[in-house]
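show me the folded form of this:
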Amino acid sequence: MATYNKERVEHALNELLVRILPEDPNDEDEVANERFDEAFEYAIEELETAGDPSVVPDINHVASLIDKRVSRDVNGAQKSARFHNLLSRLISQPVLNQKWRMLHFLNQLSELPQAEHAETRDAARMPITPTKHAHTNPLPTGSPAFKDAFSRPGLSHIPVNDGSPKPSPRPAPAEPADKRRDRRATDASKEQSAEAAPPEPTYLLLGPSEPALLRDLPFTLQGISSTNLIFPSSTALKLPPTLPVPLISLLHTLAEPSLLYRGLSDFVESTEGGLVGQSFRSALGMELRSYLGLVATLEGQIKRALQQLDESQTHHGLGKAGVTLKRCVIWTREATMGLRLMSLMVEESKTKKGGELISLIHSFSLSHGDPYVGAFAERLLAHVTRPFYDMLRQWIYDGELADPFGEFFVSEQSEAEIFEANNGKEGKGGATSVWEDKYKLSTNMIPTIITEDFARKVFLIGKSLNFIRYGCGDAAWVDTYSRSASKELRYGDTANLEQSIGDAYKTTMARLIDLMEKKFHLFEHLQALKSYLLLGSGDFIAVLMESLSSTLDRPANTQYRHTLTAQLEHAVRNSNAQFDSPDVLRRLDSRMLELSHGEIGWDVFTLEYKIDAPVDVIVTTFGSKQYLKVFNFLWRVKRVEFALSSTWRRCMTGARGVLGTVSDVFGSDWKKARCAISEMIHFVNQLQYYILFEVIESSWNELQSSLRKPESTLDDLITAHARYLTNITRKGLLGSSGADFTGQLHELLKTMLGFREAVDGLYGCSVAEFTRRQEVAAKIETRTAAGRWGVEEKDAESASPDPFSSTGKAKGKHRSTPSATSSPFPPALMPLNLPNNPLSSSNQLDILPALRKRLASLLTDFRARVNVLLGDLAHQPDVDMRWLAMVMNFNDVYQPVRRRRKAAPGTKGKDAGREREKETPAPQTAPGTAAAAKG
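Now for the predicted structure:
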């Protein structure tokens, strides 16, 4: 036997032995107590040694055995159904743990042999049955107690039968033997006194009466203490201790609405919560007033019934008067359900407000199957949602948020919240901050009476009206619109609400787009950004670059803003930009980026287009930075194209003059240089065409179609413009996540500029050789005219060897050529015939091989970088980038190389050589280049 239930078993066993152990009046007390102790110890030993039953604990098996036994009796089907009902109730009890043992015990008891007649059993027990059972007589059927028990109001007194065993108070279980003996002596004395009492039944007078309780019931239902029913606290009702059990059960039922009313009245009288919370309290107060009306009606019925009481009849004729406690329970049943429902709502609404509270009440009408509960919740919602619809009306017609307690699903953010939402960064400022950061949609506060899409539309309407009023400065239109379109909104009128929201949405969005287009010229500004910052106006960019080329070649610290501004105005006057609106030209300006040591004007010059409110909602600060990033990249590409084109023009015109004269020395070098320059110009032109037309122009067409949609909103414009910038930067090789195209292109552009400088050095060498030859020819001509030899022995001995000519001394007379001063070509990079001039005849032998080596190295580096770039482009998911790789390598001149990822730290040194071999292929002459050179 387990220790945790040992005391309970001993207590139950003690009670059982007191009732069933036979007594002998001739025995002394010591003998009787000894026999009782022996019986008690014997029973304890039997229980301790019994152990667990040998049967497998299966409740279904025991139930089937009992069901078979019950079904064999008379009316077996009815008894079987009743048994299954009782079994299901037993299984559903969570308190009882030994359900199988109970059924097993009952089954074992049913298998015990039963006596055929009760008289035989009584006669067999007669010698040892206590005397108190011999005098026990049942109540006669004609007794008053029997009549009262079956009357309408029930028993008013509890009859006391002296012959019935009475449980006597006993000490705690496992008490000592002497205490049990004392208790048995006390029980014996009580039984003897009961035997000496007359056999007539007696009654215990109980009270108060039912009329008295009915008289106090109206006060109790209002939560007010009365004479018989007292409220010791707000959550308890004290009943008289002498009430009969039926009345106690009825009063328990009637106590529920009383206690619920007290708690609800305290909640209604409180002033906490916002507007929706106060409206909820007001709605509950109306329901409580309806409940008080029921109590008043009930009080009137009770008063009339009490006036009709007849003292001569049983229970004063209360049943005939028509008002009893049981009827009061029935009359208050529906009100009790309402109070119970309101109490449940109050408990769950303690941590909710606004839209959450409305959703809570609305859930009772949606998910509850009881029609009474649904109707009750709908009745409450009609009152609770009034402040919500007032806030909604003011938001969609005035653009103002009247929500002092934060109950609406639109909330206004403070500066601290905006700072936190931006991850510790400063706000965007301007109209962008007003549109994006001022108001926030709280999804958890959206009530279930509206959908989330509907709430987003409402949020956009109010935000647009607020932006028109404060961001666009058009408060007069908002006031006029509010007066003409405002209407009352209420719960339940769904069709009218949807129509009102739809009309407000169309009107507000159309007005906002009209303002942005006509008053603030949004589309003109976007076109200007494309023309000037995205190099859309080719004539303007060409004039600007030609006018700034000489200025920007100087160091950056020698640049002045007024000089750059003057050149910008010159470019505007000499291009089609002069026909743009003055407002657009006023916003266009030139400025310099932050200076760094060693930079020149090309590195710090940039254009700026100023955007102010409210257009900066669409062209945000981040968007302006993206435009600046694209312009700087395109400006650098344009600069390389301009430099290469200038060098190409000089080379092609020089080939018919200066360069043609020295072709015997520099002919092969210039042929390689022209092919390389042509190759680089082709690369730059394809890159420019791709960015300007395939990327910017196509993205611009998509932006135009998005902006011209009839039902587009300001959010749609912002999204379309952001997508436009994203496409430009991503497809324009400035923002791809797969490879660093920006770095690769900058290195390529730097390589091309270095090659152009090397070609300029080669041109200077060529001009120097041409000048040297001109001087020699002039000297020969002068000596010949004087009658002397053109070349003397002292000239051959004193002159340094010719590093460029393989024929040695000049033979014969040379035809005269124009001098360097009269040549139409640009002069050499350095003045000639200076003491330390590296291009003089004494230093040319060292310069030319180094120059040839640098040209070959730069060309090899250029082609290797192009191979890597083409390899990365060919594996991009975007089809336009793959198309660019195909256009740049349409005749398979290049061999694209896919750059590998970085190796692990352990294999870095081992695989470094292999990686370099794969990344940078060996220099080779492209077939297309050779073909171009031959041509």
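
mind saving the C-alpha coords of stretch 778-791 as CSV?
Output of stretch 778-791 as CSV, limited to C-alpha atoms (Å, rounded to 0.1, in the frame of the first residue of the first chain):
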residue,chain,number,x,y,z
ALA,A,778,69.2,71.5,-93.2
LYS,A,779,72.9,71.3,-92.3
ILE,A,780,73.6,69.2,-95.4
GLU,A,781,71.8,71.6,-97.6
THR,A,782,73.6,74.6,-96.1
ARG,A,783,77.0,73.0,-96.6
THR,A,784,76.2,71.9,-100.1
ALA,A,785,75.1,75.4,-101.0
ALA,A,786,78.5,76.7,-99.6
GLY,A,787,80.4,74.3,-101.8
ARG,A,788,81.3,71.9,-99.1
TRP,A,789,80.6,68.3,-98.4
GLY,A,790,77.2,67.7,-96.8
VAL,A,791,78.6,65.3,-94.3
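
residues contacting I677?
By C-beta atoms under 8 Å, 6 or more residues apart in numbering, the contact set of I677 is 644, 647-648, 651, 755-756, 759. The way it works is simple: take the backbone N, C-alpha and C, and place the C-beta from them, glycine included.

put together a markdown table for the residues you listed, with secondary structure on each row.
Putting the contacts of I677 into a markdown table (DSSP: H, G, I helix; E, B strand; the rest coil) gives the following:
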| residue | secondary structure |
| --- | --- |
| L644 | helix |
| T647 | helix |
| W648 | helix |
| C651 | helix |
| F755 | helix |
| R756 | helix |
| V759 | helix |
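
lowest-confidence one in these?
Among these, C651 has the lowest pLDDT, at 84.

secondary structure element holding the closest residue to that one other than its chain neighbours?
Counting by C-beta to C-beta, 6 or more residues apart in numbering, C651 lies nearest to R674, which is 5.9 Å off, once chain neighbours are set aside. Per DSSP states H and E: R674 is located in helix 663-689.

C-terminal to that helix, what's the next element?
That would be, after helix 663-689 and using DSSP H and E, helix 698-707.

for that next one, the averaged confidence score.
Average pLDDT, helix 698-707: 91.

buried stuff in that helix?
699-700, 703, 706-707 (16 or more other C-beta atoms under 10 Å).

for stretch 36-54, same thing?
Buried residues in stretch 36-54 (16+ other C-beta under 10 Å): 36, 40, 43-44.

do you know how far D589 is from V684?
Remark: distance between D589 and V684 (C-beta to C-beta, to the nearest Å) = 28 Å.

please read the previous query as pertaining to A856.
For A856, the distance to V684 equals 21 Å [C-beta to C-beta].

same thing with V329?
Plainly put, V329 is 96 Å away from V684 if you go by C-beta to C-beta.

between those two, which has more neighbouring residues?
Comparing V329 with V684 by other C-beta atoms under 10 Å, the one with more neighbours is V684, at 21 against 18.

excluding its backbone neighbours, what's nearest the more buried one?
Leaving aside its sequence neighbours, V684 sits nearest to E641 (C-beta to C-beta, 6+ apart; 4.7 Å).

how close does the residue found closest to S706 once you drop the neighbours it is linked to in the chain sit to T713?
Take S706 and drop its neighbours on the chain: the residue closest to it by C-beta to C-beta, 6+ apart is A720, 3.6 Å away. According to C-beta to C-beta, A720 and T713 sit 11 Å apart.

what's the overlap in contacts for those two?
By C-beta under 8 Å, 6+ apart, no residue touches both A720 and T713.

name the spans of this structure whose pLDDT lies under the cut-off.
The chain contains residues with pLDDT under 70 at 1-5, 51-54, 112-207, 310-321, 419, 421-433, 735-738, 794-846, 899-935.

report the central residue of it.
T443 (9.4 Å; C-alpha atoms, centre = their mean).

contacts only, for that residue.
For T443, the contacting residues are 409, 452, 455, by C-beta under 8 Å, 6+ apart.

if you set the cut-off to 6 Å instead, what comes out?
Listed by C-beta atoms under 6 Å, 6 or more residues apart in numbering, the contact set of T443 is empty.

run a quick neighbour tally on the residue nearest to C651.
Residues near R674, counting by other C-beta under 10 Å, number 19.

and it, how far from G660?
For R674, the distance to G660 equals 13 Å [C-beta to C-beta].

K238 reaches F231, doesn't it?
No: in this structure K238 lies outside contact range of F231 using C-beta atoms under 6 Å: 7.3 Å.

between those two, point out the one with more neighbours.
The neighbour count for K238 versus F231, taken as other C-beta under 10 Å, is higher for F231 (19 against 13).

hey, where'd the helices end up in the stretch 401-550 of the chain?
For the stretch 401-550 of the chain, the helices defined by DSSP state H, counting those that start in this stretch cover 415-421, 430-436, 452-466, 475-485, 494-514, 522-528, 538-552.

got these as TSV, with distance to E269 columns?
TSV is the format used below for those (distance: least, C-beta to C-beta, whole Å):
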stretch	distance to E269
helix 415-421	35
helix 430-436	43
helix 452-466	33
helix 475-485	37
helix 494-514	33
helix 522-528	56
helix 538-552	76
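
distance from the helix holding R674 to the middle of the chain?
57 Å (C-alpha atoms, centre = their mean, to the nearest Å).

show me which residues of it are buried.
So, applying 16+ other C-beta under 10 Å, buried residues of helix 663-689: 665-666, 669-670, 672-681, 683-684, 687-688.

so which of the helices of the stretch 401-550 of the chain is nearest M102?
In terms of C-beta to C-beta, the element of the helices of the stretch 401-550 of the chain nearest to M102 is helix 452-466, at 54.5 Å.

residues in contact with that closest one: which ones?
Applying C-beta under 6 Å, 6+ apart, the external contacts of helix 452-466 come out as 395-396, 399, 409-410, 439, 441, 446, 478, 504-505, 508, 512.

burial of K352, as a residue count?
When neighbours are defined as other C-beta under 10 Å, K352 has 20 of them.

and the nearest residue to it once chain neighbours are set aside, helix, strand or coil?
Using C-beta to C-beta, 6+ apart and skipping residues adjacent in sequence, the residue nearest K352 is L360, 5.8 Å away. Three-state call for L360 (three-state DSSP): helix.

please tell me how far whichever strand or helix holds the residue nearest to V684 is from the chain's geometric centre.
Per DSSP H and E: E641 is located in helix 621-654. Mean C-alpha position of helix 621-654 versus that of the full chain (C-alpha atoms, centre = their mean) differs by 44 Å.

and if you look at stretch 658-676?
67 Å.

next: stretch 678-694.
For stretch 678-694 - counting by C-alpha atoms, centre = their mean - the centre lies 44 Å from the chain centre.

for stretch 684-697, same thing?
Counting by C-alpha atoms, centre = their mean, stretch 684-697 comes out at 39 Å from the chain centroid.

measure it end to end?
18 Å (C-alpha to C-alpha, to the nearest Å).

dump stretch 887-898 to PDB, restricted to CA.
Output in PDB follows, covering the C-alpha atoms of stretch 887-898 (Å, rounded to 0.1, in the frame of the first residue of the first chain):
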ATOM      1  CA  VAL A 887      28.900  42.000 -78.700                       C
ATOM      2  CA  MET A 888      32.400  42.800 -77.400                       C
ATOM      3  CA  ASN A 889      33.600  39.500 -78.600                       C
ATOM      4  CA  PHE A 890      31.500  38.900 -81.700                       C
ATOM      5  CA  ASN A 891      34.500  37.500 -83.700                       C
ATOM      6  CA  ASP A 892      36.000  35.500 -80.900                       C
ATOM      7  CA  VAL A 893      39.100  37.700 -80.700                       C
ATOM      8  CA  TYR A 894      39.200  37.300 -76.900                       C
ATOM      9  CA  GLN A 895      39.300  34.100 -74.900                       C
ATOM     10  CA  PRO A 896      37.000  34.700 -71.900                       C
ATOM     11  CA  VAL A 897      38.300  33.400 -68.600                       C
ATOM     12  CA  ARG A 898      36.100  32.700 -65.600                       C
END
